[in-house]
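Enquirer: After the sequence you'll find the predicted model.
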Amino acid sequence: MNCKHLIVIPDGAADRPIEQFGGKTVLQAADIPNIDRLSQSGIQGLVQTVPQGMSPGSDVAQMSLLGYNPHEFYTGRAPIEAAAMGIDLSQEDFVFRCNLVTYSDGNMADHSAGHISTNEGRQIIEELQKQLGSEKVRFYPGVSYRHLCVVSGMDFDIKALPPHDNIGRPVRKILPSGKNSAFLKDLMEKSRLVIEQMEINKIRTDLGENPVSSIWLWGEGKRASMESFKAKYGLKGASITAVDLVRGLSKLIGFEIIEVEGATGLPDTNYEGKAEAAAEALDENDIVFLHLEGPDEAGHSGDAELKRTALERIDSRIIAPLSEKLEGYDEWKILVMPDHPTPVSTRGHTAEPVPFMISGTVERPDVQGRPFSESNAARSGLHIERGYELMEYFLKV
């Protein structure tokens, strides 16, 4: 029987010591007996998922941990999400991630406009397409605050900062800069004027919800292309996620994308539905990639307690049933790791190495017998400098 492989990504779970938890990290403070049990019978290490000189985004980090060198395949975050949404890009197109954001007193206050609903977000993007769209500019609605904007016939060489890594900073200091950035800033300003007149925004304000102040354009790039996972590693795969970034990567490498009703990309996601879908997918695939966004969103909110809660839910409602499922196979392996740190102290992504844990029915002469944490992973002495090499290590360990 072929070995079954499961990868579970608690996005952004790695952190720094937190005073609220007595100097422990979230991983150390959380009650995660199932992850710890697997870790104590397996191996831990550190892996550098973000190559030096690249921005510590989930796009780069998850491309690495899926076994692809970002220096070779990365063209920007937005092109990956465009692949997920089935947007056909020409060679003349630049695509941008188009967040709906909230400003307050001239500062970036919220990268998600209060995690605006998908229905409200769609209405706003459709209105922007009606008023600002043209043959040159096209808006595409996505999920919640995450949308896309395609600009045709222009060349960009810009620095465009992600809003979630710049909470609290003055907007004027983080606007796009570089070649043709003036066009983007003008488009963002026009969007502000359109959005502030929309009834849906007035209702959000009346209800005490974060209003949408503007679109925020970033993550730019041109059409992406990647080698299939089956051709590269010889395995058939599937992925389960609530975010277009992971859907896009999955589509580009030929993974089956399994949709789960109630999967939100937040700490309140449908954990049981995701676990059930992963269990079924393991029967039909060699490798299953299960992504959970909750810890990352809690990190961006600066909410240590919510981040711990999200991680504990992953342990009890994802790892527990799936480890039982895996143990029913003759041969199996599991990899658990965050893609990058999202410290609650900074509320943004950082580029430090992240801990990983591998367990399963493999001979492990280097079993370390320690709970899963950043410090225990560092103590192991196992450090993979090039993140994209972790996949081969996982498959062959």
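Expert: Thanks, I have it.
Enquirer: three-state assignment of R138?
Expert: strand (DSSP: H, G, I helix; E, B strand; the rest coil).
Enquirer: what bridges to it?
Expert: Residues in a beta bridge with R138, per DSSP bridges, are V150.
Enquirer: do W332 as well
Expert: If you apply DSSP bridges, the partners that W332 bridges to are K4.
Enquirer: That one against I358, yeah?
Expert: No. Between W332 and I358 there is no contact under Cβ atoms under 8 Å: 11.3 Å. Where C-beta positions appear, they are placed from N, C-alpha and C, glycine not excepted.
Enquirer: any idea how far G381 is from the residue nearest to G133 when sequence neighbours are not counted?
Expert: Once flanking residues are discounted, G133 sits nearest to F139: 5.8 Å by Cβ to Cβ, 6 or more residues apart in numbering. Computed as Cβ to Cβ, to the nearest Å, the F139 to G381 distance reads 50 Å.
Enquirer: The two: which is more packed in?
Expert: F139 (22 against 11; other Cβ atoms under 10 Å).
Enquirer: pretty sure that one is in contact with K130, am I right?
Expert: No. Applying Cβ under 8 Å, one finds F139 not in contact with K130, separated by 9.2 Å.
Enquirer: picking up where we left off before, please identify which of W332 and I358 sits among more neighbours.
Expert: Of the pair W332 and I358, I358 is the one with more neighbours under other Cβ under 10 Å, namely 23 against 20.
Enquirer: Correct me if wrong: that one contacts A377.
Expert: No. Contact criterion Cβ under 8 Å: I358 and A377 do not qualify, at 11.1 Å.
Enquirer: who touches both of the two?
Expert: Common contacts of I358 and A377 (Cβ atoms under 8 Å, 6 or more residues apart in numbering): Q44.
Enquirer: For F356, which non-adjacent residue is spatially closest?
Expert: M337 (3.7 Å).
Enquirer: The one you found - how many residues pack around it?
Expert: Neighbours of M337 under the rule other Cβ under 10 Å: 26.
Enquirer: ok, now how distant is it from N270?
Expert: According to Cβ to Cβ, M337 and N270 sit 22 Å apart.
Enquirer: now S152
Expert: Taking Cβ to Cβ, one finds S152 at 38 Å from N270.
Enquirer: Sketch out the low-pLDDT regions of the protein for me.
Expert: Regions of the chain meeting the criterion pLDDT under 70 cover residues 1, 363-368.
Enquirer: Centre-most residue in it?
Expert: S58 (4.4 Å; Cα atoms, centre = their mean).
Enquirer: Go through the host helix or strand of G273 and flag the buried ones.
Expert: Per DSSP states H and E: G273 is located in helix 271-284. Buried positions in helix 271-284, judged by neighbour count with 16 or more other Cβ atoms under 10 Å: 271, 273-279, 281-282.
Enquirer: same deal with stretch 103-121?
Expert: 103, 107-117, 120-121.
Enquirer: likewise stretch 315-328?
Expert: Neighbour count says stretch 315-328 has 315-323, 325-326 buried, by 16+ other Cβ under 10 Å.
Enquirer: Narrow these to those in helices?
Expert: 320-323, 325-326 (DSSP state H).
Enquirer: chain center to stretch 259-268, what's the gap?
Expert: Centre-to-centre, stretch 259-268 and its host chain are 13 Å apart (Cα atoms, centre = their mean, to the nearest Å).
Enquirer: what does that stretch contact?
Expert: Stretch 259-268 has contacts (Cβ under 8 Å, 6+ apart) with 115, 143-144, 240-243, 269-270, 273-274, 277, 293-295, 297-298, 306, 309-310, 313.
Enquirer: can you list the domain ranges for the protein.
Expert: Using automatic domain parsing, the domain ranges for the chain come out as 4-74+225-396, 83-221.
Enquirer: Can you tell me which of those domains is packed in deepest?
Expert: Stretch with highest mean neighbour count among the domains of the chain: domain 4-74+225-396 (a mean of 20; mean count of other Cβ atoms under 10 Å).
Enquirer: rewinding a little: for the residue nearest to F356, give its distance to R204.
Expert: Taking Cβ to Cβ as the measure, M337 and R204 are separated by 37 Å.
Enquirer: Doesn't A78 lie inside a helix?
Expert: Yes. According to three-state DSSP, A78 belongs to a helix.
Enquirer: What is the neighbour count of it?
Expert: 31.
Enquirer: C-terminal to the one helix or strand S239 maps to, what's the next element?
Expert: Element membership for S239 (DSSP H and E) is strand 237-240. The helix or strand immediately downstream of strand 237-240 is helix 244-252, counting by DSSP H and E.
Enquirer: contacting residues around that next one?
Expert: Helix 244-252 is contacted by residues 58-59, 62-63, 66, 77, 79-85, 142-143, 146, 224-226, 237-239, 241, 256-257, 289, 291 when judged by Cβ under 8 Å, 6+ apart.
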